[in-house]
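Sharing a model that was predicted from the sequence below.
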Amino acid sequence: MARLLSIFVLLVFVLHVASESTGEVVEQIDGEEFTEELLFRPLPDRKVLSHFHFESRVPPTNSYGHHHRLFPKAIYQLVHKYRIREMELSFTQGRWNYESWGGFDPVSSSNAKPPGVELWAVFDVSPDQVDASWKNLTHTLSGLFCASINFLESSTTYSAPDWSFQPLSSNLRYGSLPREAVCTENLTPWLKLLPCRDKSGLSSLMDRPSIYRGFYHSQRLHLTSGEFDPMASDHGIALEQTLTVVLQPDALETRGRKLQPNWSMSSLFGKTVDGKCALAKSSNVYVQLEGSLVHNMKGKGDEGLGSISNFEFSVSPDRIMKEVNSFHREHSSILYGFSIKDHHNSKPFDLGFKWNLPVTWSCVKAPLRVSRFLMGSGNERGAIALSLQSTEWSQSLPKVDHNEEKCRLKVDVFQVVPWYIKVYYHTAKVYVDGVPQSFGDAIEKLSVSPSEDKVSPGVMEMSLKLPCDLKSASLTLEFDKGFLHIDEYPPDANQGFDIPSAIISYPDFQTCMQYKQDNASIKSPMVSKMQEKRKILSYTEVLLVPLTTPDFSMPYNVITITCTVFALYFGSLMNALRRRVGEEERLLKEKDKKSGKLPLLFSKLSAKLRGKPWDPPSSSSSSSSKFISSKVVLKIVLIAAIAFGWQYYSG
């Protein structure tokens, strides 16, 4: 008995220790990992960038199996059913402001997306099965995220880039829906992929009204898989979920000077964090100050990083990281880290940022400022113009092609045009500082896939070779507007038709931020992503092209009059078919009874005088008798008139 009691006490102790332990131990045993992070960045135009970063990882199926505890089952099934090697899906509302919010840093290059929906995927299937896998994938994602992604199944809406998405394989498909509306129906399924959803952890800050009143928000899902690559079989599947929001805090004016607005997590989102997600391996919050901002503030230098007098935090940072090998050596960005693992319901985490002195700065922009617009008028012809203008940072950018006599700046352009916009690619013209350039001098590489009516869109991949000291450059393409069948017009055809955003990249420039971490044991997936070298990408505006639309009132009038005629015809026909003869006779009898009481009285009186029984006349006999009596009366009157006339004229 004592032995059983000791075993029972030992079992209770083990269970108690296991219940109090965090999920990190379980994750180390299972091999799955989930991390949550949040990055704040003050912006020069008095706004605040909030960037949520969630990452889920699972070991390879060969060594781990098919059952998971943290990784979403829907994504795992998606990868194996369609053999996906890499995929990215984004839902965006608003347009990223490259002038005020930056275009050279990793956050803007990865999370500045075009309006609407953008999807691209790489499949590990044979080339003849890529299109079928893409169509099935779009239908699955459409049901998973409650969106119209299934519209991308049509061959007129997606394309197969040749070299714009290198080093990815040729089994890549790209599509976008510029007019797709983004709402909470898309955010809720996205949150359901998280282990704690929006019930605890950093995801509990995602207040719907706060997010959707922002100037820009983009939810992104990036998936990489090594399940089908023998060289990367030990990587498993990694799911990266990001939500980028630009919010406007309440402004503050002091003594006629407008300071940068103070902000806190509760003022931005209306909520505080009650603790980390129980299933998260790490949960951290970061505040990033750009290099130009640090340069314009007091207290420069490593020894003054934590005591800059221009601002102060409501919570002391746990660690401070300074950027090394910065693009601008004289001023590097600073990253302040906060851990929320020790916070709970009675001690919530509410990070606040307060400005003490006014400060102005500017963000690091992309090498060129890109914009796109339409030229021409009318509903027959037009032209697409792409404008490239140098920025103040372009003069200090590292030069390329040093072996050549003249420095050259390479710019890659990827443009997809719907089939009803018939672009004439031979009309491409390049101007540098207003001077026309020859085709060979300005265009290094060109790949064109002309559109086919109602089959495929037009795709242009162009690599421009421009002088490094240019002030402005432009590219123009002429096009004709096609005609659509009446069934192909959308409900709001008079609003116009959208041309998706063009993608501009600079292959000779790569962006990354290398931070020196004091504690090497603390690993941040978001900081690791920022330290990876990646191409600088920019998206242009979405163009709205008006097309010739038919008079939709004519079909309406024809349909209306046709329906009216058919209604009258079928109404009369149904009335005739459903009428009953017995009911008609009963109605006639009732009518005779009401209108023919005097004749019946006379007939009864005559029958009584003759001593014969009275027989009520039928409707037919009464009608015939009426007809005969009227005939007799007419004859009598006619004979009397003839006799009177004969006597009058003969007399």
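Right, received. Where do you want to start?

Residue ranges of each domain in this protein, please.
Per the record, the chain has its domains at 31-355, 368-545, 586-650, by automatic domain parsing.

among those, which is the most enclosed?
domain 31-355 (a mean of 18; mean count of other C-beta atoms under 10 Å). Every C-beta, even on glycine, is put in place using the N, C-alpha and C of the backbone.

Which helix or strand in the chain has the lowest average pLDDT?
helix 23-30 (a mean of 40; mean pLDDT, DSSP states H and E).

State the mean pLDDT of the host helix or strand of Leu588.
In the assignment (DSSP states H and E), Leu588 maps to helix 581-595. On average, the pLDDT along helix 581-595 is 69.

try stretch 540-554
88.

What is the distance between it and the centre of its chain?
In terms of C-alpha atoms, centre = their mean, to the nearest Å, the centre of stretch 540-554 is found 21 Å from the chain centre.

roughly how far apart are Gln241 and Gly31?
To Gly31, Gln241 is 20 Å away according to C-beta to C-beta, to the nearest Å.

cool, and Tyr431?
From Tyr431 to Gly31 the distance is 57 Å (C-beta to C-beta).

pLDDT wise, what is Tyr212 at?
91.

pLDDT below threshold where in the stretch 201-350 of the chain?
232-233, 251-258, 298-308, 325-330 (pLDDT under 70).

Strands along that one, start to end?
For the stretch 201-350 of the chain, strands defined by DSSP state E, counting those that start in this stretch occupy the ranges 216-225, 237-247, 252-254, 257-259, 263-264, 282-289, 311-313, 319-324, 334-339.

cool, and the stretch 51-200 of the chain?
Ranges of strands within the stretch 51-200 of the chain are 84-93, 116-123, 158-159, 172-177, based on DSSP E, counting those that start in this stretch.

For the helix or strand harbouring Leu39, which strands pair with it and how are they oriented?
For Leu39, the host element (DSSP H and E) is strand 33-42. Strand 33-42 pairs in its sheet with strand 48-58 (antiparallel), strand 282-289 (parallel), by DSSP bridges.

mean confidence score for the longest one?
Throughout strand 48-58, pLDDT has a mean value of 96.

Now that strand - C-alpha only, PDB.
Listed next in PDB are the C-alpha coordinates belonging to strand 48-58 (Å, rounded to 0.1, in the frame of the first residue of the first chain):
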ATOM      1  CA  VAL A  48       3.400  54.600 -37.400                       C
ATOM      2  CA  LEU A  49       4.200  51.300 -39.200                       C
ATOM      3  CA  SER A  50       3.000  48.200 -37.400                       C
ATOM      4  CA  HIS A  51       4.400  44.900 -38.800                       C
ATOM      5  CA  PHE A  52       3.200  41.600 -37.300                       C
ATOM      6  CA  HIS A  53       5.300  38.500 -38.100                       C
ATOM      7  CA  PHE A  54       4.200  35.000 -37.300                       C
ATOM      8  CA  GLU A  55       6.200  31.900 -38.400                       C
ATOM      9  CA  SER A  56       5.300  28.200 -38.100                       C
ATOM     10  CA  ARG A  57       7.700  25.400 -38.900                       C
ATOM     11  CA  VAL A  58       7.400  21.700 -39.100                       C
END
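
Number the residues from 11 up from this point.
Happy to do that; since the first residue is 11 now, the last one works out to strand 58-68.

between it and strand 226-235, how big is the angle?
With axes from the mean of the first three to the mean of the last three C-alpha atoms, to 10 degrees defining the directions, strand 58-68 sits at 20 degrees from strand 226-235.

Kindly report the same for the shortest one.
Taking the same axes, to 10 degrees, one finds strand 292-299 and strand 226-235 inclined to each other by 130 degrees.

Run the chain-centre distance for strand 292-299.
With C-alpha atoms, centre = their mean, you get 27 Å for strand 292-299.

what sits up against it?
Residues from elsewhere that reach strand 292-299, judged by C-beta atoms under 8 Å, 6 or more residues apart in numbering: 45-52, 211-212, 286-287, 323, 327, 343-351, 359, 361, 363, 532-534, 536-537.

Return the distance of Asp172 relative to Ser73.
Taking C-beta to C-beta, one finds Asp172 at 37 Å from Ser73.

for the nearest residue to Val465 once chain neighbours are set aside, what are its contacts?
Nearest non-adjacent residue to Val465, counting by C-beta to C-beta, 6 or more residues apart in numbering: Ser165, 6.0 Å away. Ser165 makes contact with 141, 465-466, according to C-beta under 8 Å, 6+ apart.

Which of these sits closest to Val421?
Nearest to Val421 among the contacts of Ser165: Ser466, at 25.6 Å, using C-beta to C-beta.

And that closest one, what's its pLDDT?
94.

Report the separation between the residue nearest to it when sequence neighbours are not counted and Trp144.
Spatial nearest neighbour of Ser466, chain neighbours left out: Ser165 (5.3 Å); criterion: C-beta to C-beta, 6+ apart. Distance, Ser165 to Trp144, using C-beta to C-beta: 10 Å.

now Pro368
Applying C-beta to C-beta to Pro368 and Trp144 gives a distance of 52 Å.

Repeat that for Thr234.
To Trp144, Thr234 is 18 Å away according to C-beta to C-beta.

go on, Lys614?
94 Å.

Same question for Glu98.
14 Å.

circling back: could you dump the strands of the stretch 211-360 of the chain into a markdown table and include distance to Tyr430?
Formatted as a markdown table, these follow (distance: least, C-beta to C-beta, whole Å):
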| stretch | distance to Tyr430 |
| --- | --- |
| strand 226-235 | 28 |
| strand 247-257 | 33 |
| strand 262-264 | 51 |
| strand 267-269 | 48 |
| strand 273-274 | 46 |
| strand 292-299 | 44 |
| strand 321-323 | 53 |
| strand 329-334 | 48 |
| strand 344-349 | 48 |
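
Out of the ones you listed, flag the one nearest Gln425.
strand 226-235 (21.2 Å).
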